[in-house]
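Chemist: kindly generate the corresponding structure for this input.
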Amino acid sequence: MSARAQRFFGCFLPLGLAVFGCGALLMLGYASRVFVQVLSVPDAAMAPALEMGWSVIVDNTAYWTMNPQRGETVSIQRPDGLVFRRVIGLPGETVAIDGGVVTVDGRPCDGRTALPHGTCDPGTGAVDDLPPVTLGAEAYFVMAADRRFDDSRAWGPVPRADIVGEPAFHRRAEGGFDPIVTPPAPTPRPDDRPAATDETS
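Modeler: Model prediction:
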């Protein structure tokens, strides 16, 4: 082997491989934060669906091509870090709390009343009244499943840009991951179904 070849394989090739390896690690770290993240649930606001301290895989691509829907649990960027809350009100809707009942465009968020674009979880715990809040074109009203925790009642509407992703899996205590299940859509009560129209008149 020539001196030039020895110099290449002995010096430049290892250096090149080291640079490539460092670059690959940086790209992998970047991709792991852009596409998915593994986060620790910071509070018990969404228990029992998300228990405090659980390790959760968050799909950061979930809302790249679609918008959050009512009833979905989303990760939200707050000044002190990411938190998880459930979407209650969508852009253009009016959310209010009257007599302890959360309403969306005047319809109760009670888990039984049909609402467009997803379900509305009534949550647990008492809530104080809230004057009507009409959401802007890029704003969402989110609430904790446990109403004792802060949410849009304290923060105000959440900008679309602050909704980062959707939790997809959580780690079991004995190892492995289970999917996070969104609550099923409620069955509308008879008086919630649209009235039939008489087309013979």
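Chemist: doesn't Thr61 make contact with Gln37?
Modeler: No: judged on CB atoms under 8 Å, Gln37 makes no contact with Thr61 at a distance of 11.0 Å. The C-beta positions use only the backbone N, C-alpha and C, and glycine is treated the same way.
Chemist: have a look at those two and say which one is more surrounded.
Modeler: Gln37 (17 against 12; other CB atoms under 10 Å).
Chemist: beta partners of that one?
Modeler: Taking DSSP bridges, one obtains Val58 as the residues bridged to Gln37.
Chemist: any idea which element the residue positioned nearest the centre of the chain lies in?
Modeler: For the chain, the residue nearest the mean C-alpha position is Val74 (0.8 Å; CA atoms, centre = their mean). Val74 belongs to strand 73-78 when assigned by DSSP states H and E.
Chemist: list the buried ones in that strand?
Modeler: Under the neighbour-count criterion of 16 or more other CB atoms under 10 Å, strand 73-78 has Thr73, Val74, Ser75, Ile76 buried.
Chemist: of the residues you listed, closest to Ala161?
Modeler: Ile76 (10.5 Å; CB to CB).
Chemist: where do the strands of the chain begin and end?
Modeler: Assigned by DSSP state E, the strands in the chain fall at 36-40, 55-59, 73-78, 81-89, 94-98, 101-104, 107-108, 130-134, 139-143, 158-159, 163-171, 177-179.
Chemist: let's have those strands in a markdown table, adding distance to Gly118.
Modeler: Supplementary listing: those in a markdown table, determined by distance: least, CB to CB, whole Å:
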| stretch | distance to Gly118 |
| --- | --- |
| strand 36-40 | 23 |
| strand 55-59 | 17 |
| strand 73-78 | 11 |
| strand 81-89 | 7 |
| strand 94-98 | 14 |
| strand 101-104 | 10 |
| strand 107-108 | 13 |
| strand 130-134 | 19 |
| strand 139-143 | 12 |
| strand 158-159 | 16 |
| strand 163-171 | 13 |
| strand 177-179 | 18 |
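Chemist: quick one: low-confidence ranges for the chain?
Modeler: 1-34, 172-175, 180-201 (pLDDT under 70).
Chemist: domain parsing for it?
Modeler: Each domain of the chain is listed here as a residue range: 1-34, 38-192, per automatic domain parsing.
Chemist: just name the most buried of these.
Modeler: By mean neighbour count, with neighbours taken as mean count of other CB atoms under 10 Å, domain 38-192 ranks first of these at a mean of 16.
Chemist: which one is Pro167 nearest to, not counting chain neighbours?
Modeler: Leaving aside its sequence neighbours, Pro167 sits nearest to Val56 (CB to CB, 6 or more residues apart in numbering; 4.7 Å).
Chemist: repeat for Asp43
Modeler: Sequence neighbours aside, Met52 is the residue nearest to Asp43 in space, at 5.7 Å (criterion: CB to CB, 6+ apart).
Chemist: next one: Trp155
Modeler: Arg78 is the one closest to Trp155 (CB to CB, 6+ apart), at 7.7 Å.
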